[in-house]
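Student: prediction below, plus the sequence it came from.
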Amino acid sequence: MPEPRRRVRRGRVADAVALERPRTRLAARKLKEENQVGEEEEEKEVMAIGNDSGGSNKAAAQEEEGNTAPFPERVQVGGSPLYKVERKLGKGGFGQVFVGRRITGGNERSAGASILEVALKFEHRTSKGCNYGPPHEWQVYNTLGGSHGVPRVHFKGRQGDYYVMVMDILGPSLWDIWNTSGQAMSSEMVACIAVESLSILEKMHAKGYVHGDVKPENFLLGQPSTSQEKKLFLVDLGLATKWREGGGGGQHAEYDQRPDMFRGTVRYASAHAHLGRTASRRDDLESLAYTLIFLHRGRLPWQGYQGDNKSFLVCKKKMATSPDMLCCFCPPPFKQFLEIVVNMKFDEEPNYGKLVSLFQELLGENPAIRPINTEGAQKIIFQVGQKRGRLSIGEEEEEDAPRKKVRLGVPATQWISIYNARQPMKQRYHYNVADTRLAQHIERGTADGLLISCVSSCSNLWALIMDAGTGFTNQVYELSPVFLHKEWIMEQWEKNYYISSIAGATNGSSLVVMSKGTAYTQQSYKVSDSFPFKWINKKWREGFHVTSMATAGTRWGVVMSRNSGYSEQVVELDFLYPSEGIHRRWDGGFRITSTAATTDQAALILSIPRRRLVDETQETLRTSQFPSTHVKEKWGKNLYLASLSYGRTVS
Ligand SMILES: Nc1ncnc2c1ncn2[C@@H]1O[C@H](COP(=O)(O)OP(=O)(O)OP(=O)(O)O)[C@@H](O)[C@H]1O
């Protein structure tokens, strides 16, 4: 099956360093040399290619123009009539759309053959959407074409270098209308768009698809001066994916997060899409919320960011902007809508009826004279009315029960501490440790038969966990003014020590602990300015797993080892504590094995151990103070500190 196209672009991060513990001395020398010339790693940065009419990603869109061969003057594909290719209707990152005027008859059995004017969507065979043959969009149109709010596709086929789709011709996009009407839209107009697009999305979702690129450019009205001129359509199904497997009764797609995978358009993408989570129905609704607010307000607060980390900055801004702030110039239904959709769970069934009803107060009384046809929405309103009649009051209240709001826009920095069930053992912690006092704590611990199992830092002071149950036989550590000190680490690797824990301070200094007696057979680490998921993914494929992780200011340091004892590993990364993802992974047998956080983001590594644990109990805490009293309580239940970090947790 052809894959949906991916809109990603590669960039370079200047100071990303990756080092690996070589297997042999000879390899060590070779690696040193390699590192001198090429210690930078190529990083993938996310970038959506937007419609150039929106101006959000023009440079990226132009890149695509390199491979445009001249368009044919006439088109005939898949048994269609012959069409003359006339004026251009629009252009996206991948396709270009022209008017096609019928010259001769085609396959008379097809109803589409009688249509005089059609839209012809051309996609070059080398376009990213066509890596695996015909565009993925074709397949989606097979299921959705002609359903409520989706244009019909009459013919498709390849002609020369182009894949061509013959479809119903439509009118201006919402972006065109917004732009030609003073870059603003009345709340009544936007409310009509809201309810009608909800009815389109409901139908699309009911057929198992998520659109994946909801934005003003992709909503089109019918052709002017026809009966459809006030009817709303949603086009561009090139990023559509299935949220449900198989047909009607299929299971919900499985949750996953791949932080380097971004699809969509930066300005309107949901925060989950930025973070690479599997698309689900909530994402279309979040993009719709941004679309509606944009059309009404004329601007979104995250417009104007540039550069390779644009997606990161935009996502950070989205997470830091509360619904109150974002909707301060909009009537109340906008905020209510946004609040509901950004707090939805991954597999939650949207209550379309309720969402439509939020905007009802803004719609004009008489549906016949509304600026947009709201026929689809009227059906939903009617169904809700009927359901209300059947429901008892108690049932209705249950639906409206207040739920926890996760995105409030207010940052918080906390300790994240993870506790594992273990056989009773001696454990000791120290926190608020200044550089000068570190050695004496470690010496005393070592004298008592304890070794360091975990280190962390907060406000340039260290936290230290020492255990009797590490299994290590010997240990060395270094406090260094840099994050991380390459020469010292390589020296210890030479002596067969492996990194067992790392911590970084805000001032850029680091504490590295290396031990003997681990099961590791090879080790590699990387320091980078953004979370190095691409590198982690590459190393996973080589048999490494993340075994420790830390941050220093905004920089990440990740250590990966071979023979880590894990069979599977995943990452949860977010601008807040990723509770939902953790719980979903938890149910699949994953447990947190490393944590690190900057003031922007928290990352958690979750793993499945190769050997099943006798007791899989794990507890996590988030506290603004170091959790000293909590640790003692946990000890009482044979739960011991296993991982510790300080940074961004809730919003
Ligand atoms: N059926 C149609 N009738 C009239 N105009 C159309 C039609 N389909 C598309 N267009 C115009 O062409 C533009 C590009 O089409 P479309 O969004 O399908 O292409 P794309 O390359 O997949 O775009 P994107 O970069 O948004 O993914 C639309 O924004 C719209 O202006």
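Tutor: Good, I have the coordinates.
Student: hey, let's count contacts and neighbours off CA atoms from now on
Tutor: OK.
Student: in what helix or strand does V190 lie?
Tutor: Here V190 sits within helix 187-206, counting by DSSP states H and E.
Student: rounded mean pLDDT for the following helix or strand past that helix, please.
Tutor: Next helix or strand after helix 187-206 toward the C-terminus (DSSP H and E): strand 209-210. The average pLDDT for strand 209-210 rounds to 98.
Student: and what of stretch 113-121?
Tutor: Computed over stretch 113-121, the average pLDDT equals 92.
Student: got a list of contacts for that stretch?
Tutor: Contact with stretch 113-121 is made by 80-81, 85, 89, 95-102, 105-108, 154, 164-170, as judged by C-alpha atoms under 8 Å, 6 or more residues apart in numbering.
Student: among those, which ones lie close to the ligand?
Tutor: L89, G95, Q96, V97, M167, D168, I169, L170 (C-alpha under 6 Å from any ligand atom).
Student: how many residues are close by the first one?
Tutor: When neighbours are defined as other C-alpha atoms under 10 Å, L89 has 16 of them.
Student: again with the fifth one
Tutor: Neighbours of M167 under the rule other C-alpha under 10 Å: 24.
Student: now swap in the fourth one and tell me
Tutor: Around V97 there are 23 other residues, counting by other C-alpha under 10 Å.
Student: any low-confidence regions in the protein?
Tutor: Residues of the chain meeting the criterion pLDDT under 70: 1-68, 106-109, 390-402, 408-409, 650-651.
Student: return the residues of it in contact with the ligand.
Tutor: Residues of the chain lying near the ligand (C-alpha under 6 Å from any ligand atom): 50-51, 89-97, 119, 167-171, 173, 217-218, 235-236, 238.
Student: in helices only, show me the residues you listed.
Tutor: Among the residues of the chain next to the ligand, the subset assigned to helices under DSSP state H is empty.
Student: which ones among these are found in strands?
Tutor: Of the residues of the chain next to the ligand, the ones assigned to strands by DSSP state E are L89, G90, K91, G95, Q96, V97, A119, M167, D168.
Student: follow-up on the earlier one: tell me the buried residues within the contacts of stretch 113-121.
Tutor: 80-81, 85, 89, 95-102, 106, 154, 164-170 (16 or more other C-alpha atoms under 10 Å).
Student: can you give the distance of the helix holding V190 from its chain's centre?
Tutor: 24 Å (C-alpha atoms, centre = their mean, to the nearest Å).
Student: using neighbour counts, pick out the buried residues of that helix.
Tutor: 187-205.
Student: tell me which element W302 is part of?
Tutor: Assigned by DSSP H and E, W302 belongs to no helix or strand.
Student: could you find the closest non-adjacent residue to it?
Tutor: V314 (5.4 Å; C-alpha to C-alpha, 6 or more residues apart in numbering).
Student: for the ligand, what's its nearest residue on the stretch 351-500 of the chain.
Tutor: The nearest approach of the stretch 351-500 of the chain to the ligand comes at I372, 17.4 Å away (C-alpha to the nearest ligand atom).
Student: just the stretch 451-600 of the chain next, same as before
Tutor: For the stretch 451-600 of the chain, C-alpha to the nearest ligand atom, closest residue to the ligand: K534, 24.7 Å.
Student: my reading is that that residue lies in a strand. Confirm?
Tutor: No - membership of K534 in a strand is not supported by DSSP: H, G, I helix; E, B strand; the rest coil, which gives helix.
Student: what about stretch 120-136, start to end distance?
Tutor: 16 Å (C-alpha to C-alpha, to the nearest Å).
Student: what's the answer for stretch 141-160, then?
Tutor: Using C-alpha to C-alpha, the end-to-end distance of stretch 141-160 comes out at 22 Å.
Student: buried sites along that stretch?
Tutor: The neighbour-count check on stretch 141-160 (16+ other C-alpha under 10 Å) flags 141, 144-145, 148-159 as buried.
Student: show me what contacts K207?
Tutor: Residues near K207 by C-alpha under 8 Å, 6+ apart: T143, L144, G247, G248.
Student: if we only consider those, which is nearest to the ligand?
Tutor: For these, the nearest to the ligand is L144 (13.9 Å; C-alpha to the nearest ligand atom).
Student: the closest one contacts M204, correct?
Tutor: Yes - contact criterion C-alpha atoms under 8 Å: L144 and M204 qualify, at 7.1 Å.
Student: how many other residues sit next to the residue nearest to H485 when sequence neighbours are not counted?
Tutor: Leaving aside its sequence neighbours, H485 sits nearest to S510 (C-alpha to C-alpha, 6+ apart; 7.9 Å). Other residues near S510 come to 26 when the count uses other C-alpha under 10 Å.
Student: you'd agree G471 is up against G517?
Tutor: Yes - with contact defined as C-alpha under 8 Å, G471 counts as touching G517 (6.5 Å).
Student: quick one: the strands in the stretch 1-150 of the chain, in order.
Tutor: 8-21, 40-46, 74-75, 83-91, 95-102, 117-124 (DSSP state E, counting those that start in this stretch).
Student: from the stretch 301-450 of the chain, which residue is nearest to the ligand?
Tutor: Across the stretch 301-450 of the chain, the shortest distance to the ligand (C-alpha to the nearest ligand atom) belongs to S311, at 16.8 Å.
Student: where's that residue relative to T265, distance?
Tutor: S311 is 9 Å from T265, by C-alpha to C-alpha.
Student: and the contacts of the helix holding V190?
Tutor: Counting by C-alpha under 8 Å, 6+ apart, 144, 147-150, 210-211, 232-234, 243, 248, 281, 284, 288, 292, 295-296, 330-331, 352, 355-356, 359-360, 362-364, 370-377, 380 sit against helix 187-206.
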